[in-house]
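3D model of this:
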Amino acid sequence: MIVIAMTAAIVVIDGWKLYRAQQDIPNLGKFATGGMAWESQTSQELVRNITMLGAIIIMIIAPWFLAERSGTETHWVLIFDALLVIHGGWLVLPKRYAITKDSLWVDGFSVDWNRLWWTGYSGGSSITLQRKGWWRLAPLPLGGSEEDLAAAALRIDAIMIGEWETLTGLLSEE
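Sure thing, here's the model as predicted:
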């Protein structure tokens, strides 16, 4: 029951954060201050979260091999699986992202730039930043179209090298 309660809490929090992201990032596009907001598509989120979805599939299957030995009743395993399916659904829903001078908005959370590092972007279907202090154990991928990701990478580069004002000056000239 503790595992079910913890899993349910995660599912509810993730659902709430997805809803809040729609409220916190109401407008998409470029900001007058140089930042930007964009929304991904389901196919892009599928690529972004493929490893997490694989882990969820394993977590759905594994309890069935252990339920009889542990004496776990079938309805608890079914509830656990249903919660994991909902969580997997949250992972592939389109997400809203935003970049400002001060923070990155991803998965319904605001993350200060001083808590992140990255090695650049060379094209592709996602940008991955790392959380400082977590080595490679806490990647923070951003999804979206290649056009949105290229524009985001330009802004992230400017932030990381301290050239935000230069970038906003160039963007305002466009």
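
Residue 10 and residue 88 touch, don't they?
No - contact criterion C-beta atoms under 8 Å: residue 10 and residue 88 do not qualify, at 11.9 Å. (Each C-beta comes from the backbone N, C-alpha and C, glycine too.)

Just want to know which of these two has more residues nearby.
Neighbour totals were compared for residue 10 and residue 88, and residue 88 leads with 18 against 14 (other C-beta atoms under 10 Å).

Report all helices and strands that the helix or strand that one falls within contacts.
Here residue 88, judged by DSSP states H and E, is contained in helix 74-92. When contacts are defined as 3 or more C-beta pairs under 8 Å, 6 or more residues apart in numbering; DSSP states H and E, helix 74-92 sits against helix 2-24, helix 42-48, helix 50-70.

Can you list the buried residues in that helix?
Buried residues in helix 74-92, counted by 16 or more other C-beta atoms under 10 Å: 77, 79, 80, 81, 83, 84, 87, 88, 90, 91, 92.

contacting residues for the first one?
If a contact means C-beta atoms under 8 Å, 6 or more residues apart in numbering, then residue 77 has 63, 64, 67 as its contacts.
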